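# sequence plus the predicted model coming up.
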Amino acid sequence: MELDINAYRRLIAIGSALSEEKDINDLLAQILREAKIMASADAGCLYLRTELDTLEVAVVVNETLHDTLKSFTGDNEGLFPELLLHRRDGSLNLETAAARAVHQAKTVYSDALGSAVSSTHLDNTQSVLTVPLTSQSERPMGVLQLLNARASNNQEVGFPPEIVPFIESLASLATMALQNRRLLDQQVVLKTQLEKQVDERTEELRLTLEKLSEANVILKDLNTIDAVTRIKNRRYFDDIAVQEWRRAVRQQYPMTMMLLDIDNFKWVNDNLGHLAGDACLHSVAECIDELFNRPSDVVARYGGDEFIVIMPYIRHDNATIYAERVRDAVANRKLVVDGQVVKVTISIGVASGMPNETITDIRQLIARADEALYEAKADGRNRIVGIDINTSLKLDA
């Protein structure tokens, strides 16, 4: 009765440890030690089933050997060798108690040395108790094996039948511990896989966003480029002009707005065709764009055969110099259409000045440049008319 009470207490204690012990090897060693104490055995070992369908020692408890966890070398390896569950021909290997317990999924009990324990190579082994580590839903995961039961006077005896249920309970606890460990390992693997997948998806998303960003930049650039002249279009000009004017107001620096119009462009379209007209537009745009290469300068097609240039930080006298260079460059540029040389000129209206109380909006500056352009056209074309909005000084060229 005392044995039963102590055994139950130990089972309860080990059951509690099962939920608290994080190190599976320590827990298995504790279970095996308790089994050895309960059964008054000389030695015990715990075999685990491998992926190669063999039984490999995981824990040993022996009076003459140190407790060892997965570190069997030298003599220990010979005492507790790996056990085969199948023969070479594929048939079941029933020569050892451990193998029989696994295949039969039941406790194997032996009172005498024989084929049942011959593979252990331990001398004077008189009794063996082998309990499979079996769950209800899985094949045996290994065995818990005890060797040589001893009576209180230290004489070798057989394992008492009443101890078997307790050892089987301990084996069940070992099975639960192994299953918990397996679940934890699976969780770690799944977590690692999930984290890897998340990292991969995150990287894919990052690359996709980069490509989308690049595509948006390209699309934005395409949306700001005039298809015929390959310079900036009216939409881009409207946006940038407002930004530049606000900056000029804040920082109080002068700005020039230059409107350019191709002279007699309707004649080119009517007499040489629209393809020649497009070639003319492209040639003039290229010529203008080449002459304005400061980062702050913006050249755009304003509409039809008109172009517009924003020139920050440029005062009126310098602005008219730039305008004359453009007018002269276009006048001396040769445009060949279908083998025919076409002479093209432009008229330019220039409005320059510092933002003040009389001119408070970029549209007012554009309107003054448009007035100057109209005068240049009216005065005979291929001319420049400039207006300084701060002094109302007008310059014709």
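Arrived safely.
# any chance you could list what contacts stretch 356-375?
With contact meaning CB atoms under 8 Å, 6 or more residues apart in numbering, stretch 356-375 is reached by 241-242, 244-245, 255, 257-261, 308, 347-351, 353, 385-387, 389-390, 394, 396. C-beta here means a position set from N, CA and C on the backbone, and glycine is covered the same way.
# buried stuff in that stretch?
359, 362, 364-366, 368-373, 375 (16 or more other CB atoms under 10 Å).
# which residues of the stretch 201-350 of the chain score low on pLDDT?
Filtered on pLDDT under 70, the stretch 201-350 of the chain yields no residues whatsoever.
# on that earlier part again, okay if I get the buried residues of stretch 356-375 as JSON lines plus secondary structure and distance to Asp185?
JSON lines is the format used below for the buried residues of stretch 356-375 (DSSP: H, G, I helix; E, B strand; the rest coil; distance: CB to CB, whole Å):
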{"residue": "Ile359", "secondary structure": "strand", "distance to Asp185": "77"}
{"residue": "Ile362", "secondary structure": "helix", "distance to Asp185": "70"}
{"residue": "Gln364", "secondary structure": "helix", "distance to Asp185": "76"}
{"residue": "Leu365", "secondary structure": "helix", "distance to Asp185": "75"}
{"residue": "Ile366", "secondary structure": "helix", "distance to Asp185": "74"}
{"residue": "Arg368", "secondary structure": "helix", "distance to Asp185": "80"}
{"residue": "Ala369", "secondary structure": "helix", "distance to Asp185": "77"}
{"residue": "Asp370", "secondary structure": "helix", "distance to Asp185": "79"}
{"residue": "Glu371", "secondary structure": "helix", "distance to Asp185": "84"}
{"residue": "Ala372", "secondary structure": "helix", "distance to Asp185": "83"}
{"residue": "Leu373", "secondary structure": "helix", "distance to Asp185": "81"}
{"residue": "Glu375", "secondary structure": "helix", "distance to Asp185": "88"}
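# hang on, the earlier thing: which ones among the contacts of stretch 356-375 map onto strands?
The members of the contacts of stretch 356-375 that map onto strands under DSSP state E are 255, 257-261, 308, 347-351, 353, 385-387, 394, 396.
# which among those end up buried?
Counted by 16+ other CB under 10 Å, the ones in strands among the contacts of stretch 356-375 give 255, 257-261, 308, 347-351, 353, 385-387 as buried.
# so how far is Asn153 from the residue nearest in space to the middle of the chain?
The centroid of the chain falls nearest to Glu203 when counting by CA atoms, centre = their mean (2.5 Å). For Glu203, the distance to Asn153 (CB to CB, to the nearest Å) stands at 72 Å.
# ok, Leu207 next?
78 Å.
# just the helices in this structure please.
With helices called from DSSP state H, the chain shows them at 2-20, 24-39, 74-79, 97-104, 164-223, 234-251, 265-272, 274-291, 316-331, 362-378.
# how far is the longest one from where the chain is centred?
Right, the one you point to is helix 164-223. Centroid separation between helix 164-223 and its chain, computed with CA atoms, centre = their mean, to the nearest Å, is 13 Å.
# quick one: that helix to helix 97-104, angle?
70 degrees (axes from the mean of the first three to the mean of the last three CA atoms, to 10 degrees).
# burial count for the nearest residue to Ile231 once chain neighbours are set aside?
Nearest non-adjacent residue to Ile231, counting by CB to CB, 6 or more residues apart in numbering: Ala285, 4.9 Å away. If you count neighbours by other CB atoms under 10 Å, Ala285 ends up with 22.
# can you pull the contacts of Ala285?
226, 229-231, 299, 301, 307.
# farthest pair within the residues you listed?
Within the contacts of Ala285, Arg230 and Phe307 form the most distant pair, 12.5 Å apart (CB to CB).
# distance of the residue lying farthest from the centre of the chain from Ser40?
Farthest-out residue of the chain from its mean C-alpha position, per CA atoms, centre = their mean: Asn153, at 68.8 Å. Going from Asn153 to Ser40 by CB to CB gives 11 Å.
# equivalent analysis for Glu375, please.
Counting by CB to CB, the gap from Glu375 to Ser40 is 121 Å.
# how about Lys266?
118 Å.
# between those two, which has more neighbouring residues?
The neighbour comparison of Lys266 against Ser40 (other CB under 10 Å) goes to Ser40, with 18 against 11.
# who touches the more buried one in this structure?
When contacts are taken as CB under 8 Å, 6+ apart, Ser40 is in contact with 149-152.
# before I go, just wanted to say thanks for your time.
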